[in-house]
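Participant: with the input below, show me the fold.
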Amino acid sequence: MIELRHLRTLMALKESGSLAGAAKKRFVTQSALSHQIKELEQRINSPIFVRKSKPLSFTQEGARLLHLAEEILPKVLETETDLKNGLETETNQLRVGIECHSCFRWLMPVMEQFRQEHPQAELDLSSRHLFDSLNALEMGELDIVLTSDPVPGHSLAYQHLFDFEVKLVVAKDHPLAKEPYVTPKQLARLPIISYPVPLTRLDIYRHFLEPAGIEAGEQKTCDLTMMLLQRIACKDGIAALPNWSINEGHGLSLTTVKLGQEGLKRPLFGAYRRHSGNSTLIQNWLQLVASEGLSRQQKTN
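Facilitator: So this is what the prediction gives:
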């Protein structure tokens, strides 16, 4: 019997174009995914894709199963969501997932305005799915995810909200404090203070140091923004933060420096399921977030 997990694997193969990428999307090891594919191929008595093909190429049988997955999976997700929501045409609950430790503070005005406009709505803001929020969104555990790292998927839509700049934050008497901008080489092996997030997920590493082949220094983690900024002021290390986080360090001996001559710009997207049962609330929330973000950008420019 062909199972939903097989169809989801086929979609992951199509979207990622490789076994390694598909395994990452399905949150399983590559060997486990290979075993699942072999199991499916044994059931249909045919390979589903051409081995060692680049880009990955599906066989006729695989293409037919992929077409089935594209038809069935969106309907399954929509039905699951409807059942969880009690089959109402529009639910009054909005669960927002955040992939950003420092977003809560600047989202407070958005939450207040949203509650004024929708007093009957139940709003839940959470980072408990921090490393798995998009998967939680696909599974119906969240309604919106604010993310800078969209992952192509058949069931999710991404709405661009605004762009923000990530800047280097250092103590005012740090050797780099007077520079108009810094290069990756200047940050080689300097201690990095960050929220408790793996180094490989940090913007300064993924989009600045790693592309230049520069080795990062020791990573030191801190849960609270204010404590993180205080440690930077004490020259315990450097950090790369969005503008809204830096503003919390008012009164501390800190300064910011551009990452690269053009600066490091990052987008913020609102991700949601294409067939959500609370689309009105979702769009209203995203409009408020976009408006607040743009307003803050204008104040800092």
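
Participant: so where's the stretch 51-200 of the chain shaky on pLDDT?
Facilitator: Along the stretch 51-200 of the chain, segments meeting pLDDT under 70 span 81-91, 130-131, 154.

Participant: now do the helices in it.
Facilitator: The residue ranges that make up the helices of the stretch 51-200 of the chain, judged by DSSP state H, counting those that start in this stretch, are 60-84, 103-117, 133-138.

Participant: would you format these as TSV with distance to G277 and mean neighbour count included?
Facilitator: Placement of C-beta: from N, CA and C, glycine included. Compiled in TSV, those are given as follows (distance: least, C-beta to C-beta, whole Å; neighbours: other C-beta atoms under 10 Å):
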stretch	distance to G277	mean neighbour count
helix 60-84	6	15
helix 103-117	18	15
helix 133-138	14	21
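
Participant: out of these, which comes closest to Q219?
Facilitator: Each of the helices of the stretch 51-200 of the chain has some distance to Q219 by C-beta to C-beta; the shortest is helix 103-117, at 20.8 Å.

Participant: tell me the centre residue of the chain?
Facilitator: The central residue of the chain, meaning the one whose C-alpha is nearest the mean C-alpha position (C-alpha atoms, centre = their mean), is T147 at 3.6 Å.

Participant: quick one on the thing from earlier: adding distance to S276, write the helices of the stretch 51-200 of the chain out as CSV.
Facilitator: Below are the helices of the stretch 51-200 of the chain laid out as CSV (distance: least, C-beta to C-beta, whole Å):
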stretch, distance to S276
helix 60-84, 7
helix 103-117, 16
helix 133-138, 10
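
Participant: what about the nearest residue to P109 once chain neighbours are set aside, how many neighbours?
Facilitator: Leaving aside its chain neighbours, P109 sits nearest to E292 (6.0 Å; criterion: C-beta to C-beta, 6 or more residues apart in numbering). Taking other C-beta atoms under 10 Å as the neighbour definition, E292 ends up with a count of 19.

Participant: need the pLDDT of E292.
Facilitator: Reading off the per-residue confidence, E292 sits at a pLDDT of 88.

Participant: so which strand or helix has it?
Facilitator: helix 279-300 (DSSP states H and E).

Participant: give me the residues contacting that helix.
Facilitator: Outside helix 279-300, the residues within contact range by C-beta atoms under 8 Å, 6 or more residues apart in numbering are 90, 92, 94, 96, 106-107, 109-110, 113-114, 117-118, 121, 143-144, 146, 159, 161-164, 243-244, 247, 268, 270, 272, 276.

Participant: what do you get for stretch 25-33?
Facilitator: By C-beta under 8 Å, 6+ apart, the surrounding residues in contact with stretch 25-33 are 8-9, 12, 15-16, 19-20, 22-23, 36, 132, 135, 151, 153.

Participant: since that was my last question, I'll sign off now.
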